[in-house]
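Colleague: Turn this into a structure:
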Amino acid sequence: MTSAPREDFAPPETGRYSRNALLARVGWAGQARWRASRVLVVGAGGLGSAALLYLAAAGVGRLGVVDGDAVELSNLQRQILHRTAGLGRRKAASAADSLAALNPLCRVETFDLRLDRDNVGDVVSGFEVVLDASDNFPTRFLLAEYCWQHQIPLVSAAATGWHGQLLVVRPGADNPCYRCLVPELPPAAAVPPASESGILGAVAGTLGCLQAVEALKLLLGLDSDLHRRLLAYDGLQGRFQTVNRVKRPDCPLCGPGK
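Modeller: Got it, this is the predicted structure:
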């Protein structure tokens, strides 16, 4: 990473980001890298709310927000980007307003849609890191495939009830992809939605914050155990555990000939 002096930043930036710049492995050079970076977050719900707020606060220069839903009352116990006064608003627009209020130096681009095979390339193209904060496996598989094939790092998380999981997919010959862990789409009944199983908002926020941490590290070129491991969080017991992820020779996404 090339050096960047404090003088490259205007006074509003130096005051805002001074605590970042004090960090080892960041400094003003790292802050300049974040300012020039482009991160896409798919989902402005419980996970995406926390991730987006901390990415904007850190000074990521361009954030993309993908969400095709509107704000509902039941969202507000975990989706902290949104407000009671905004019930019925489109989530992407609501998220953009909250992020601009937090950090007007961050450029926010909104995509009020659901990702599918016809639009994923147009949406994801141009972003350096993608955060999967979606709530369904078809979207997760679509992002996992596109990001792997186009060499875009992916930070994927999920949360339900008191539990959450997080992994990082950094495309490369020696790293496992998402489908090395989940080869096929699980049956819909195997993963009940929050409307049926419930979810603690703070658990979703915890996983979203961890997604932001991993994305910021990726932008700085820092390695992480989560490139090759799965992090599991049990909020009820207050425990984090990690398990190895291995590259499957028969993986339908990254196996031989893929």
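Colleague: Every contact and neighbour count from this point should use C-alpha atoms.
Modeller: Will do.
Colleague: which residue is nearest the centroid of the chain?
Modeller: residue 131 (2.6 Å; Cα atoms, centre = their mean).
Colleague: and the host helix or strand of that one, what's its mean pLDDT?
Modeller: According to DSSP states H and E, residue 131 maps onto strand 129-132. When pLDDT is averaged over strand 129-132, the result is 98.
Colleague: average pLDDT across the next helix or strand after it?
Modeller: For strand 129-132, the following helix or strand on the C-terminal side (DSSP H and E) is helix 137-149. Per-residue pLDDT values across helix 137-149 average out to 95.
Colleague: Break down the stretch 151-258 of the chain into its strands, ranges please.
Modeller: 154-160, 163-169, 229-234, 239-244 (DSSP state E, counting those that start in this stretch).
Colleague: what's the angle between the third one and strand 154-160?
Modeller: So the one you mean is strand 229-234. Angle of strand 229-234 versus strand 154-160, following axes from the mean of the first three to the mean of the last three Cα atoms, to 10 degrees, is 20 degrees.
Colleague: what's the residue nearest to the centre of the chain in contact with, if anything?
Modeller: 39, 40, 41, 42, 154, 155, 156, 211, 215 (Cα atoms under 8 Å, 6 or more residues apart in numbering).
Colleague: among the strands of the stretch 151-258 of the chain, which is the most enclosed?
Modeller: With neighbours taken as mean count of other Cα atoms under 10 Å, the strands of the stretch 151-258 of the chain reach their highest mean count in strand 154-160, at a mean of 25.
Colleague: elements contacting it?
Modeller: If contacts are counted by 3 or more Cα pairs under 8 Å, 6 or more residues apart in numbering; DSSP states H and E, strand 154-160 sits against helix 46-58, strand 129-132, helix 137-149, strand 163-169, helix 201-219.
Colleague: Contacts made by that strand with the rest, please.
Modeller: Applying Cα under 8 Å, 6+ apart, the contact partners of strand 154-160 are 47, 129-135, 140, 144, 147, 164-170, 194, 197-200, 203-204, 207-208, 211, 214-215.
Colleague: Residue 161 and residue 195 touch, don't they?
Modeller: No - counting by Cα atoms under 8 Å, residue 161 sits too far from residue 195 to count as a contact (10.5 Å).
Colleague: The two: who's more crowded?
Modeller: For residue 161 versus residue 195, neighbours defined as other Cα atoms under 10 Å are more numerous around residue 161 (18 against 8).
Colleague: and that one, how far is that from residue 133?
Modeller: Computed as Cα to Cα, to the nearest Å, the residue 161 to residue 133 distance reads 16 Å.
Colleague: cool, and residue 219?
Modeller: 18 Å.
Colleague: what does residue 93 give?
Modeller: Look at residue 93 and residue 133: by Cα to Cα, they are 17 Å apart.
Colleague: When those two are compared, which one has more neighbours?
Modeller: Between residue 93 and residue 133, counted using other Cα under 10 Å, the more crowded position is residue 133 (29 against 22).
Colleague: Contact partners for the more buried one?
Modeller: Applying Cα under 8 Å, 6+ apart, one finds that residue 133 lies in contact with 41, 42, 43, 44, 45, 47, 48, 156, 157, 158, 208.
Colleague: again with residue 151
Modeller: 170, 171, 172.
Colleague: Who are the contact partners of the last one?
Modeller: Contacts of residue 172 were listed using Cα under 8 Å, 6+ apart, and they are residue 151.
Colleague: so what's the backbone phi/psi at it?
Modeller: When read as degrees, to the nearest 10, the backbone of residue 172 gives phi 180, psi 160.
Colleague: do the first one as well
Modeller: For residue 170, the backbone dihedrals are phi -110, psi 100 (criterion: degrees, to the nearest 10).
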